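>>> okay, structure incoming, though there's no sequence with it:
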């Protein structure tokens, strides 16, 4: 959404709580929202946050990945781990599944062609085709979401943190599949919910035998780091990027040459060509969040308009090709 749409959505949700919004300051409205009964807020099923710049959040770039590229950690921070996982199933998957729409691949393709200069390259990286069934398309789209909004955010943060001479920074990737038989297919998707829960050890009885080594090594490294500050990985530097990856069969150290051709890195390279240091934010706002937003009936007309234009352009191309233009 645009900042104006975020603010409009916030006022809409506040009104649903029975809060008077006309001719009042945003601060007064926000205080009433904060003090509303928890069950009432949950009943809204409101996903999202106010966006900058707006009356709610005046600073324009505080929540951008570009901003993170220049944000140094506090001088007292000796070291830190920036961690990402491989599948954003806990947010975009749930949002999209909760929206009554179909033809997800066609919607996403139309959005890309309307808003991305190198649209086909982005689609090719993730092998997204208009013919993909909705479940298949959603899995692929969620990987775009994760690589841009999670992996990309970590890399942005690492760039900013690496500018400090006082903090050692480490990149960790959690890639051990979710063992639960719930919304996501068991054993396949490593989400940010599962990476945290797995540290606590409360569900070890549900771990497949071949997942145990990866989880136990993950736990040992993270808890060991919290206790001693030591980690078996290399310090992340912009010129010699490295990562510790945790998979079901254990920990793997990856260096720049091993990462270069990975799907997330190819997406980041594309983002750089799209908009330089703004590229990740452009893809995040103009493609990913726009895709999620237009599943809401209040904004679905925007996707309908894009698909109509995309269908029209495709028809013109096909007609031109048939007459040899």
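That came in fine, so what should we check first? The structure presented is a predicted model; accordingly, all values stated were derived computationally and were not measured.
>>> what about the strands in this structure?
For the chain, the strands defined by DSSP state E occupy 79-85, 168-175, 242-247, 250-255.
>>> tell me how this protein divides into domains.
As assigned by automatic domain parsing, the chain contains the domains 1-61, 64-322.
>>> among the strands of the chain, which comes closest to residue 226?
Of all the strands of the chain, the one in closest proximity to residue 226, counting by CB to CB, is strand 79-85 (9.3 Å). For the C-beta atoms, the positions are set from N, CA and C on the backbone; glycine is no exception.
>>> what strands line up against the closest one, and which way round?
Strand 79-85 pairs in its sheet with strand 168-175 (parallel), by DSSP bridges.
>>> buried residues in the partner strand?
Of the residues in strand 168-175, those with enough neighbours to count as buried (16 or more other CB atoms under 10 Å) are 168-175.
>>> likewise for stretch 58-77?
Applying 16+ other CB under 10 Å to stretch 58-77 flags 64-69, 73 as buried.
>>> need the contact partners of that stretch.
Outside stretch 58-77, the residues within contact range by CB atoms under 8 Å, 6 or more residues apart in numbering are 51-53, 57, 80, 152-153, 156-157, 159-161, 163-164, 166-167, 277-278, 280-281, 284.
>>> any low-confidence regions in the stretch 101-250 of the chain?
Across the stretch 101-250 of the chain, not a single residue meets the criterion (pLDDT under 70).
>>> in contact with residue 114, which residues?
Contacts for residue 114 (CB under 8 Å, 6+ apart) come out as 306, 309-310.
>>> now do residue 174
83-86, 190, 192, 194-195, 218, 246.
>>> ignoring the adjacent residues along the chain, who's closest to it?
Setting aside the residues directly before and after it, residue 174 is nearest to residue 195 in space (CB to CB, 6 or more residues apart in numbering), at 4.0 Å.
>>> how many neighbours does the one you found have?
Neighbourhood size, residue 195 [other CB atoms under 10 Å]: 23.
>>> among the contacts of residue 114, which lie within helices?
Secondary structure from DSSP state H places 306, 309-310 of those in helices.
>>> could you dump those into JSON lines with neighbour count, pLDDT and distance to residue 240 added?
Formatted as JSON lines, the ones in helices among the contacts of residue 114 follow (neighbours: other CB atoms under 10 Å; pLDDT from 0 to 100; distance: CB to CB, whole Å):
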{"residue": "306", "neighbour count": "20", "pLDDT": "78", "distance to residue 240": "41"}
{"residue": "309", "neighbour count": "13", "pLDDT": "79", "distance to residue 240": "45"}
{"residue": "310", "neighbour count": "19", "pLDDT": "76", "distance to residue 240": "42"}
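>>> out of those, which comes closest to residue 44?
When the ones in helices among the contacts of residue 114 are compared for distance to residue 44 (CB to CB), residue 306 comes out closest, at 27.6 Å.
>>> the closest one is in contact with residue 111, isn't it?
Yes. Assessed by CB atoms under 8 Å, residue 306 is found in contact with residue 111 at 6.0 Å.
>>> pLDDT wise, what is residue 98 at?
pLDDT, residue 98: 69.
>>> which residues does the closest residue to residue 242 other than its chain neighbours contact?
By the measure of CB to CB, 6+ apart, the closest residue to residue 242 outside its immediate chain neighbours is residue 234, 4.2 Å from it. Remark: with contacts taken as CB under 8 Å, 6+ apart, residue 234 is in contact with 170, 240, 242, 253, 255.
>>> re the thing from before, pick the most buried one from the domains of the chain.
Comparing the domains of the chain by mean neighbour count (mean count of other CB atoms under 10 Å), domain 64-322 comes out on top with a mean of 17.
>>> and it, how far out from the chain middle?
5 Å (CA atoms, centre = their mean, to the nearest Å).
>>> number the residues from 165 up from this point.
Right, with 165 as the first residue, what we last looked at is domain 228-486.
>>> look up how far residue 191 lies from residue 287.
Using CB to CB, to the nearest Å, one gets 43 Å for the distance from residue 287 to residue 191.
>>> likewise residue 459?
According to CB to CB, residue 459 and residue 191 sit 31 Å apart.
>>> now do the contacts for the residue nearest to the spatial centre of the chain.
Residue closest to the average C-alpha location in the chain (CA atoms, centre = their mean): residue 313, at 3.1 Å. Residue 313 makes contacts with 252, 448, 452, as judged by CB under 8 Å, 6+ apart.
>>> same thing but at 10 Å, please
In this structure, residue 313 makes contact with 229, 248, 252, 255-256, 444-445, 447-448, 452-453, judged by CB atoms under 10 Å, 6 or more residues apart in numbering.
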